[in-house]
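> Sequence unavailable; structure follows:
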């Protein structure tokens, strides 16, 4: 395993789930929950003759950023596409719930220093959603995670970290949308129905999944950043994601609330405004929207480096 | 249909065990595997357990791990592998990388 | 002495061509232009039953519109055609057999249509002449397989029929020259008809008809490999190749076969190659399509020249901006030419290196599988020892010196040997073995009733095999027994490798006939993707300073 300093400078995209988890928190502070030596594999996969993993494809644990405990859920896309089943779903729910318990305990023990010690949940999504081999348990996990988010609302910020090969699709696309803050690198993608499924259902003329440039223009981070589905766009370095988490950890909860996309009448109305806009203008491509939001030369945006892009991009105005 | 579980034991001169109590490396991705080494008093021997969806390669697994044990002279460890169709070179490279990881001093 | 020859007409081909031209005249508009909608009628007018017909099916560029139109001719008028073409890629290339328009086939490579060829052979829908190498087939265009009608593809034409084939010239000159100069008929589909061409690649008087196709010709970015998909095992084999072969023999001129193995080597030159101090000593002159993965090596000054068989989508601007390296016309765009590139690949380079699917204990290597008649394109032209070579070079001489049979077979004459290197993994994906006691080529020969087994590279031409287990230096073997032992020694846990005698393998290592990664001084733990000069397609764009414009399917941004 690379050292923390090496990890900070490493590509988030190329790293595995455990490396990401270690690098998202401060040096030498990560403690894993149910690590490989605990051998908490899926009980369902062996019956079906499918390969198993000791952590069931999700690394969970806690570390620190400054004095903030950071509860980390980090999915591994290489294991069954990061799909969520019973064990890894349960690990995800329990980790979020633990953050809530920690918040209560810290408030009691450090009432004067709570702001500096307020916990944070960071979820690195790399998944297509439910693991079909154990679909009921996987679906249930989705619901339980959403439930846990509601309980954390206004107490513990939940941050989505998206920047790996599989992206964040299926039911977990909904889950990511329901978090407070979304951080992505340029390679990150969020969506509901995966590109291949859209093509399969609607035809190649509607959506050509082999046209990766189109896929990225539609689900990728630059598009999400322009339409305000993504709060922070960072370079593909684990350290850059860590720095954003450090920033978010210090933001007051009422400011965090303003970074959300859904979860209040006002936000729902804002989303409906966007739906109406798309209905009225009937864009043929995401670039039409980019232009609408003030980017005169939308075709050049995909070609720009993250730094260049951040300098010139015009984003949708939040209501 | 069910997963194959293969178990082997190899005699070894036990010239090298691992530094940590246990060590883990890799991901059970398609064409890949994860390796878990655990220090154990086996009278110098090496125990191996392989969990794989692939049938009919028992002899190959035995020879591959035997080669690793012979090449490296490890002993007193248990090796657990979760495999998903890894080729022999991937198995060998991951075992070598896992051993390097398990014997490395903590970085920095 | 009485000079008494036979009495006959000596210009029947010309008269026949004129008669066909007369039939076609109603469809010709301005100059040589025929409307796309009249194309089927044009083909029915100029093609006669039993004609040899060439559809320009290249490795990359396809005369796809003309192929579609040929499928629509009336089989009562046009039938029993003898198709002579290098590559069959499109379904239409086989549909003409299904519809009874064509009967016989002579070809080089069939890619996606390989399964259907085998099926049609069994059903008697198709008679197969031979599966050629490219050069062999081009040669026969000028001997006994001259097309009567050629259906070619070009980027642009003018009204006089001058063609611009530019970046994607590929086979066009060879086909047109053979056809036209034996009084044949040349029909070109073009993407665009313009008043003035950037340059003339095919003179207008060699072309009879020009059709602007409704869509630009189909072209596939066949040679683009995404660095993100290169595995650690490929990095290991690449390091072994660079140290154990490129560096060992100081190979300066070469061809890289298609695939991730050679893409890995290209991306290791600026890192591992640099570290070994090999810059300037190896890999100076390539015969190669414009591989995007070669960009970092070019940008760091490794490469002096590259001549290309064909173009590669997205590389147009990069290649044009590197005219010191590539072969670029006065108009500023590259001209590829498969016939010349293959000639260079056969005679003028010191090494061919590429991947394969199966190797047998004799060193025969083949990508043939039991139920697909695919052929090998140009690989055998480059993957052989050219006996007509008469210039020497360091790598060629060194390989000749190592040849254990040189004095026995060559006597006192100094000769060299082409390096022909195969990269193989002992097991590929899904644990398919790379080494087998009998090649699938034997089953295919039986299934498809072929007179010879389709072997890509013959064992006696193969000089080196690289697997993750080691490199076998086959010319050093004194006889077949030793050669087989060397191959078994690096064949790992395959059925071939399991028969290796460890004592013999050890002896061969001592003799330097087998070298393992450890023998080569390669630290296996360094063999991982971090060694690659580019990790993904975007890195290649950055290396190219924005000049490489990858096709949409490779753009992860």
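Nice, I can see it. What you see is a predicted model, and the numbers here were worked out from it, not measured in a lab. Numbering: from 1, shown residues only, chains lettered A, B, ... in the order given.
> right, and residue C:357 touches residue C:369 too?
Yes: the pair residue C:357 / residue C:369 is scored as a contact, 7.3 Å apart, by CB atoms under 8 Å. For glycine as for every other residue, the C-beta is placed from the backbone atoms N, C-alpha and C.
> and the residue of the stretch 251-400 of chain C nearest chain B?
Per CB to the nearest CB, residue C:261 is where the stretch 251-400 of chain C lies closest to chain B, at 12.5 Å.
> and what of the stretch 151-300 of chain C?
Closest point on the stretch 151-300 of chain C to chain B, by CB to the nearest CB, is residue C:233, at 4.5 Å.
> Likewise for the stretch 51-200 of chain A?
residue A:78 (3.2 Å).
> what about that residue, neighbour count?
Neighbourhood size, residue A:78 [other CB atoms under 10 Å in any protein chain shown]: 22.
> helix/strand/coil for it?
Three-state call for residue A:78 (DSSP: H, G, I helix; E, B strand; the rest coil): coil.
> roughly how far apart are it and residue A:166?
For residue A:78, the distance to residue A:166 (CB to CB, to the nearest Å) stands at 9 Å.
> At the contact with chain B, which residues of chain A appear?
Residues of chain A lying near chain B by CB under 8 Å from any CB of the partner chain: A:1-6, A:16-17, A:35-37, A:39, A:41, A:45-54, A:76, A:78-79.
> Work out for me the element residue A:148 sits within.
helix A:135-152 (DSSP states H and E).
> In terms of secondary structure, what does that helix contact?
Secondary-structure packing of helix A:135-152 (3 or more CB pairs under 8 Å, 6 or more residues apart in numbering or on different chains; DSSP states H and E): helix A:86-109, helix A:171-177.
> helix or strand right after that helix?
With DSSP H and E, the next secondary element past helix A:135-152 is strand A:158-162.
> Please work out which residues outside that next one touch it.
Residues outside strand A:158-162 that contact it (CB atoms under 8 Å, 6 or more residues apart in numbering or on different chains): A:20, A:24, A:96, A:120-125, A:149, A:152, A:168, A:176, A:179-185, A:188-190, A:221, A:230, A:241, A:245, A:248.
> same check, this time on stretch B:53-66
Contacts of stretch B:53-66 (CB under 8 Å, 6+ apart): A:49-51, B:3-4, B:6, B:8, B:10, B:46, B:48, B:50, B:52, B:79, B:83-85, B:88, B:91-92, B:95, C:431, C:493, C:498.
> mind running it again at 7 Å?
Stretch B:53-66 is contacted from outside by A:49-51, B:3-4, B:6, B:8, B:10, B:48, B:50, B:79, B:84-85, B:88, B:91-92, C:431, C:493, using CB atoms under 7 Å, 6 or more residues apart in numbering or on different chains.
> taking the mean pLDDT, what do you get for it?
Mean per-residue pLDDT for stretch B:53-66: 93.
> List the contacts of the closest residue to residue C:202 other than its chain neighbours.
In this structure, residue C:202 finds its nearest non-sequential neighbour in residue C:163, 4.0 Å apart by CB to CB, 6 or more residues apart in numbering or on different chains. Residues counted as contacts of residue C:163 (CB under 7 Å, 6+ apart) are C:154, C:157, C:188, C:201, C:202, C:207.
> need the contact list for the third one.
For residue C:188, the contact set (CB under 7 Å, 6+ apart) comprises C:152, C:153, C:154, C:157, C:163, C:207, C:210.
> Show the model's pLDDT score for residue 87.
Chain wasn't specified; assuming chain A. For residue A:87, the pLDDT comes out at 98.
> right idea, wrong chain: chain B
For residue B:87, the model assigns a pLDDT of 93.
> Counting neighbours, what do you get for it?
24.
> Equivalent analysis for residue A:269, please.
10.
> Please, which helix or strand holds residue C:538?
helix C:537-543.
> now residue C:409
Residue-wise, residue C:409 maps onto helix C:406-410 under DSSP H and E.
> Quick check: buried residues in that helix?
Neighbour-count burial for helix C:406-410, counted by 16 or more other CB atoms under 10 Å in any protein chain shown, picks out residue C:406.
> What's the mean pLDDT across that helix?
94.
> what distance separates the following helix or strand past that helix from the centre of its chain?
The first helix or strand that comes after helix C:406-410 along the chain, using DSSP H and E, is strand C:419-423. Its chain's average C-alpha position is 15 Å from that of strand C:419-423, according to CA atoms, centre = their mean, to the nearest Å.
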